[in-house]
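>>> the following block contains a protein sequence and its predicted model.
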Amino acid sequence: MKTALVQLIRALNARGWSPATSTNYSFIDEHHQCWVSRSGVHKSEFTEQDFMTIDELGVGTGMFHGIKPSDETQIHLWIYQNFPDTKVILHSHGKYPVLISQFNEDNFTVQGYELQKGFRGCSSHLDTLHIPIVDNHQDMSELCQILTTRKQDIQQHCFIIAGHGTYAWGTSLFEAQKHLETLDYLCECEFLL
């Protein structure tokens, strides 16, 4: 898992979706241990050694005790707690979701695109999908409280943080990447319209 996720992180950086030290990533291993990206690492140089283990409070464990995880680790923990089949979480600063969030308030609504079937559970391009947009906050506890109030709106395994970026997740790295790319594609199409 680590090797494949590192390759994806570097690819997302090359795409411009993960510039500099921004964004964060996590996964649950076969022993049910959560691994999250360390803070302050440039994503073009990210390696397997840049993941660290955390406990259920987001504190580094074992040899990682005292090492700072991603600032947004609480969001990852919130997703794992509220969507328990999740195994991988990806965070992107792709431009189009950020731009879409500037022109929509609570939701990004989309319908009629074949690619929207890239979301697990969407079986037709005729479905109308509503991707939640939540306000950005520096206080992660406050942001997680907002996510809790919007949980029932989160149907496509992703959401947008206004002016910030996206979170997408799945039961595997393949599925999480599919959800992230689907959302970005739909945002680009709608923005270019």
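Sure thing, it's come through. All of these numbers come straight from a predicted model, not from anything done at the bench. Numbering: from 1, shown residues only.
>>> so residue 97 touches residue 190, yeah?
No: with contacts counted by C-beta atoms under 8 Å, residue 97 stays clear of residue 190, the gap being 10.1 Å. Every residue, glycine included, has its C-beta placed from N, CA and C.
>>> leaving out sequence neighbours, find the closest residue to residue 125.
Closest residue in space to residue 125, ignoring its immediate chain neighbours: residue 114 at 4.9 Å, by C-beta to C-beta, 6 or more residues apart in numbering.
>>> more crowded one of residue 97 and residue 190?
Taking neighbours as other C-beta atoms under 10 Å, residue 97 and residue 190 compare with residue 97 leading, 29 against 17.
>>> who's in contact with that one?
108, 160, 165, 166, 183, 184, 187 (C-beta atoms under 8 Å, 6 or more residues apart in numbering).
>>> let's go with 6 Å and repeat that
160, 166, 187 (C-beta atoms under 6 Å, 6 or more residues apart in numbering).
>>> for residue 27, same thing?
1, 35, 88.
>>> how near is the first one to residue 63?
Spelled out, that is residue 1. Distance, residue 1 to residue 63, using C-beta to C-beta, to the nearest Å: 19 Å.
>>> so how far is residue 19 from the closest residue to residue 15 other than its chain neighbours?
The shortest distance from residue 15 to any non-neighbouring residue, by C-beta to C-beta, 6+ apart, is to residue 94 (7.8 Å). Using C-beta to C-beta, residue 94 is found at 10 Å from residue 19.
>>> these two: which is more packed in?
residue 94 (24 against 15).
>>> so what's the residue count around residue 14?
By other C-beta under 10 Å, 11 other residues sit near residue 14.
>>> now name the helix or strand holding it.
Assigning secondary structure by DSSP states H and E places residue 14 in helix 2-15.
>>> which other residues reach that helix?
With C-beta under 6 Å, 6+ apart as the criterion, helix 2-15 contacts 18, 43, 44, 46, 48, 173.
>>> if we go to 10 Å?
17-20, 22-27, 29, 35, 37, 41-51, 88, 90-94, 172-174, 176-177, 180-181, 184 (C-beta atoms under 10 Å, 6 or more residues apart in numbering).
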